[in-house]
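A.B. asks: Pasting the sequence and the predicted model now:
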Amino acid sequence: MKHLVILASKSPRRKEILQDLGFQIRVFHSNIKEVCDSSSQTLEDKVISIARKKAGAVTAEIDGRFPKEIILASDTVVCLGDEIFGKPSNREEAYQMLMKLAGKKHTVITATVILDNNRALSYEVASKTIVKFKPLSEEVIREYLDKNEYMDKAGAYGIQSNGDRLVNYIHGDYFNVMGLSVTTVVEYFKKYYNEEISTTKLLKKHESLIRKFKSDGDNDEQTFFK
């Protein structure tokens, strides 16, 4: 793997995913307010606009110091109908989010913005995964919150962090729920570099959870990288 990627995020989960895909990573935190553009028409546009701001902020920060590297920015939100859940600001807000999600299907949208100076290219995609929560008692929610794994996660939960206490099944890319669309990254390097990115190490690490959460109706082999 020759590609160096500048990750415009302090998320340890995104960094871990990219490293497991074989990338060398430089991390620059885009210290922006995660507010979407007012002109955005769809939920996908709103999330992409935030990821675009992150990528732009990091581009300005590095100021041409790494001209050959690729900048990747992502943003993730949880949507229940028309209600959008970002990261909770405190435990009580996290509790209210999980109570609303309990027993329901919701959509996780992760936007990916890639700025590739090698090809003078800006690549923007929003990916969706459907998540169905189990019915949750107040006790189960409070026990989950006691683990303090909600604080930096959209919708107040992490599917890879005791997510089996909350999630019944998913339909779509598991890693999209973690915060980075692996499908998008793999397709990007296949399309523009004719390069096959190996997902073997990444899949091995998460195989048991992917199988556990896979819905009976999900026959899309690519989203689960069988």
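C.D. replies: That came through fine.

A.B. asks: Could you report the neighbour count for residue 27?
C.D. replies: 16 (other Cβ atoms under 10 Å). Quick note: C-beta positions are derived from backbone N, CA and C, even for glycine.

A.B. asks: Hmm, residue 18 and it touching each other?
C.D. replies: No: contact criterion Cβ atoms under 8 Å: residue 27 and residue 18 do not qualify, at 9.9 Å.

A.B. asks: list the residues that contact both of the two?
C.D. replies: Jointly contacting residue 27 and residue 18 under the rule Cβ atoms under 8 Å, 6 or more residues apart in numbering are residue 7.

A.B. asks: separation between the residue positioned nearest the centre of the chain and residue 195?
C.D. replies: Central residue of the chain (Cα atoms, centre = their mean): residue 179, 1.5 Å from the mean position. Distance, residue 179 to residue 195, using Cβ to Cβ, to the nearest Å: 23 Å.

A.B. asks: Check residue 189 too.
C.D. replies: 5 Å.

A.B. asks: of these two, who's got more company?
C.D. replies: Between residue 189 and residue 195, counting by other Cβ under 10 Å, residue 189 is the more crowded of the two (18 against 13).

A.B. asks: For that one, give me the pLDDT.
C.D. replies: We note a pLDDT of 94 for residue 189 in this prediction.

A.B. asks: quick one: it is in a helix?
C.D. replies: Yes: judged by DSSP: H, G, I helix; E, B strand; the rest coil, residue 189 forms part of a helix.

A.B. asks: Report the separation between it and residue 118.
C.D. replies: Taken as Cβ to Cβ, the span from residue 189 to residue 118 is 12 Å.

A.B. asks: Repeat that for residue 108.
C.D. replies: 30 Å.

A.B. asks: Settle it for me: which of the two has more neighbours?
C.D. replies: residue 108 (24 against 12).
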